[in-house]
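Participant: Structure, please.
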Amino acid sequence: MKKTEQFPSETSLYEPLSPLDPPLRAVRVFEAIARLGSLNEAAAELMISPSAVSHQLKLLENFLQQRLTHRQGRRLMLSNAGREYYRSIRSAFTVIRQATGHLRDQGRSRQVTISLIPLFGMSWFIPRLSRFIQAHADIDINVVYANHRNYLSDASDLSIRFGSGQWTGYRAEKLISGKMIPVASREFIRLCGYIDSPALLAQTNLVHDEERVSWQQWFADHDIRQFRRDGPLFEDGLLTLAAVRAGLGCGLMREPMIAPWLASGELVKLFDQAVDDGRDYYLCVRQDMELSPEAMALKKWLADEAGRL
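Facilitator: Here you go, the predicted structure:
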């Protein structure tokens, strides 16, 4: 009987611990197939034979009792179930790779890893980063997304988070206010006319960031109960900014995050009155971590830059 090929490792480490735990060796193989789009390329990356890859894929499909792939001519394609499963597991592999790379690189270079919310990184951090690099040319900066809302498994030295400032296991220092002001694009105002009163704004197209409560709070502060509650809802500030810039409507935006577009005139502040939903931008450090001198330098620089606002 032909012997089934195995990974060059202790197989017991990869076996399910309970009937609900998937065979991790097979999950790793499937992730490589889905990411690379090829059984042969997955085999080359994992340094095993294509037949071993096929065996592990079959093992996972049997465990899940669903087909994850199908053949289309000579190509191996993901099934609907396969695409859904890959979407669910790929972020876990990203976290593992980032954590592993961070740990391996820690002793090799003067590197600091910081995790950021996308809007904060694009509009605030990156435009200022050259000043830190010029002052600290010997420090390597590694920037990653803080794309997990509960921030579990964050392997960064520093992280910029958005919320109430309470995260278990972290010390949080308020960095930037999260108060929101109503803004619109210059093109939107050109087409729709200038909005010179809250009552007129209440009749205008609105876009919503994460939820629809913030506009309700802003209008309530101006004794307005009736306003347009429809309009597109976006998952985060980066998408909301794109929608406002595209002229889809007026948005409540956090002023420090849109400063470049206000300065250029692309976006226009409609009113000075801000609304505070209790969330701000915080600089966070794990309580169990002692920061390196490099991380301390970046932490101080971030506080100094925020103090300029």
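
Participant: isn't residue 159 right next to residue 144, touching?
Facilitator: No: the criterion here is Cβ atoms under 8 Å, and residue 159 misses it with residue 144 at 9.2 Å. In this view, the C-beta of every residue, glycine as well, is placed from N, C-alpha and C.

Participant: Which one's more surrounded, these two?
Facilitator: residue 159 (23 against 19; other Cβ atoms under 10 Å).

Participant: Helix, strand, or coil at the more buried one?
Facilitator: Secondary structure of residue 159, reduced to three states by DSSP: H, G, I helix; E, B strand; the rest coil: strand.

Participant: so it bridges to which residues?
Facilitator: Per DSSP bridges, the residues bridged to residue 159 are residue 115, residue 284.

Participant: show me what contacts it?
Facilitator: By Cβ atoms under 8 Å, 6 or more residues apart in numbering, the residues touching residue 159 are 114, 115, 116, 146, 151, 170, 283, 284, 285.

Participant: The residue nearest to residue 192 when sequence neighbours are not counted and residue 21: what is the separation?
Facilitator: Once flanking residues are discounted, residue 192 sits nearest to residue 204: 6.8 Å by Cβ to Cβ, 6 or more residues apart in numbering. The spacing between residue 204 and residue 21, counted by Cβ to Cβ, to the nearest Å, is 53 Å.

Participant: Which of the two has more residues huddled nearby?
Facilitator: The neighbour comparison of residue 204 against residue 21 (other Cβ under 10 Å) goes to residue 204, with 19 against 11.

Participant: got a pLDDT number for the more buried one?
Facilitator: With respect to pLDDT, residue 204 has a value of 93.

Participant: Repeat that for residue 238.
Facilitator: On pLDDT, residue 238 comes in at 92.

Participant: That one: neighbour count?
Facilitator: Neighbour number of residue 238 under other Cβ under 10 Å is 18.

Participant: and what of the one 3 residues further on?
Facilitator: For residue 241, the neighbour count with other Cβ under 10 Å is 25.

Participant: same thing with residue 135?
Facilitator: Residue 135 has 10 nearby residues by other Cβ under 10 Å.

Participant: who's in contact with residue 158?
Facilitator: Neighbours of residue 158 in contact, by Cβ under 8 Å, 6+ apart: 112, 113, 114, 115, 283, 284, 285, 291, 295, 298, 299, 302.

Participant: correct me, but the fifth one touches residue 302?
Facilitator: Yes: proximity of residue 283 to residue 302 meets the contact threshold set by Cβ under 8 Å, at 5.7 Å.

Participant: hmm, back to that, need the residues touching each of residue 159 and residue 144.
Facilitator: Between them, residue 159 and residue 144 share the contacting residues 114, 115, 116, judged by Cβ under 8 Å, 6+ apart.

Participant: Could you export the contacts of residue 159 as CSV, including pLDDT, neighbour count and distance to residue 187?
Facilitator: Output for these, formatted as CSV (pLDDT from 0 to 100; neighbours: other Cβ atoms under 10 Å; distance: Cβ to Cβ, whole Å):
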residue, pLDDT, neighbour count, distance to residue 187
114, 93, 21, 34
115, 91, 23, 34
116, 90, 22, 29
146, 78, 20, 32
151, 53, 18, 37
170, 89, 18, 41
283, 95, 20, 35
284, 93, 23, 37
285, 92, 19, 42
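
Participant: Dump the residues you listed into JSON lines; add distance to residue 103 as well.
Facilitator: JSON lines is the format used below for those (distance: Cβ to Cβ, whole Å):
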{"residue": "114", "distance to residue 103": "16"}
{"residue": "115", "distance to residue 103": "15"}
{"residue": "116", "distance to residue 103": "20"}
{"residue": "146", "distance to residue 103": "18"}
{"residue": "151", "distance to residue 103": "18"}
{"residue": "170", "distance to residue 103": "19"}
{"residue": "283", "distance to residue 103": "22"}
{"residue": "284", "distance to residue 103": "19"}
{"residue": "285", "distance to residue 103": "17"}
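
Participant: Domain ranges for the chain, per the record?
Facilitator: What automatic domain parsing lists as the domains of the chain is 11-99, 109-177+279-307, 180-269.

Participant: Quick one: residues in contact with the host helix or strand of residue 181.
Facilitator: Using DSSP states H and E, residue 181 maps to strand 180-185. Contact with strand 180-185 is made by 195, 201, 214, 218, 244-247, 249-255, 258, 262, 266-277, as judged by Cβ under 8 Å, 6+ apart.

Participant: Using PyMOL, define a selection of the buried residues within the residues you listed.
Facilitator: The buried residues among the contacts of strand 180-185 can be selected in PyMOL (16 or more other Cβ atoms under 10 Å) with this line:
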select buried, resi 195+201+214+218+244+245+247+249+250+251+252+253+254+255+258+262+267+268+270+274+275+277
